[in-house]
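Colleague: Test case, fold it:
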Amino acid sequence: MFVLRFIADGMLGKLTRWLRMLGHDVDYYRVAEDKKLILLAESKKRVLLTCDLVLYRQAVTRGLNAVFVEASDEIQRLADLAKRFAFKLEINFCISRCPKCNAELVAVSKEAIFTKIPKGTASYYDNFWICIDCGHVYWQGAHWKRIQMTLDAANSRLRLL
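Modeller: Below is the predicted model:
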């Protein structure tokens, strides 16, 4: 799988987290002026993702690779981007990135993170990953069904595109 490099504006926080979980490198700026986003996309050679039509037009005028994200829900947004950039809508923990900070995740033993997880979690789950930068611990907990349902729905829409 190839890793895409994006830069996302402040209106795309949820999409940023999804793309990171899918393994893509996404710089996210909650608050940044349009000019700064354009300069960063240009200097870092990243695809600009935005819901701001004015910003999109400015980026395209400068010759940048930019995507105007029109869909209002994450399922359609994921399907649209997967079609445009031909990536799979499935999580592979070998390449997933931290949804919070964009750093790499590494597999870790239960014993190594035992003090960082809720008490009952260790008795129900065996596979854990930790962010190499922020130290956040991840596992396929109760929320995993919702994540999988969202990806299944996005894959269904992708087949219709």
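Colleague: contacts, neighbours, all on C-alpha from now
Modeller: OK.
Colleague: how far away is residue 14 from residue 137?
Modeller: Residue 14 is 19 Å from residue 137, where distance means CA to CA, to the nearest Å.
Colleague: swap that for residue 102, sorry
Modeller: From residue 102 to residue 137 the distance is 14 Å (CA to CA).
Colleague: just the helices in this protein please.
Modeller: 13-21, 34-44, 53-61, 74-85, 110-113, 121-124, 144-160 (DSSP state H).
Colleague: What score does the residue of the chain most remote from its centre have for pLDDT?
Modeller: The C-alpha centroid of the chain is most remote from residue 123, which lies 28.9 Å away (CA atoms, centre = their mean). We have a pLDDT of 92 for residue 123.
Colleague: Repeat that for the one 4 residues further on.
Modeller: Per-residue pLDDT puts residue 127 at 95.
Colleague: Could you check how far the helix or strand of the chain with the lowest mean pLDDT is from the centre of its chain?
Modeller: For the chain, using mean pLDDT, DSSP states H and E, the weakest element among its helices and strands is helix 121-124, scoring a mean of 92. The chain centroid and the centroid of helix 121-124 are separated by 27 Å under CA atoms, centre = their mean, to the nearest Å.
Colleague: and it, which residues are buried?
Modeller: Within helix 121-124, the residues that count as buried by 16 or more other CA atoms under 10 Å are residue 122.
Colleague: before we move on, the earlier item: so residue 102 and residue 137 - more neighbours on which side?
Modeller: Using other CA atoms under 10 Å, the more surrounded residue of residue 102 and residue 137 is residue 102, with 24 against 18.
Colleague: show me what contacts the more buried one?
Modeller: Contacts for residue 102 (CA atoms under 8 Å, 6 or more residues apart in numbering) come out as 20, 25, 26, 27.
Colleague: List only those of those flagged as buried.
Modeller: 20, 25, 26, 27.
Colleague: what's the most distant pair in the residues you listed?
Modeller: 20 and 27 (9.5 Å; CA to CA).
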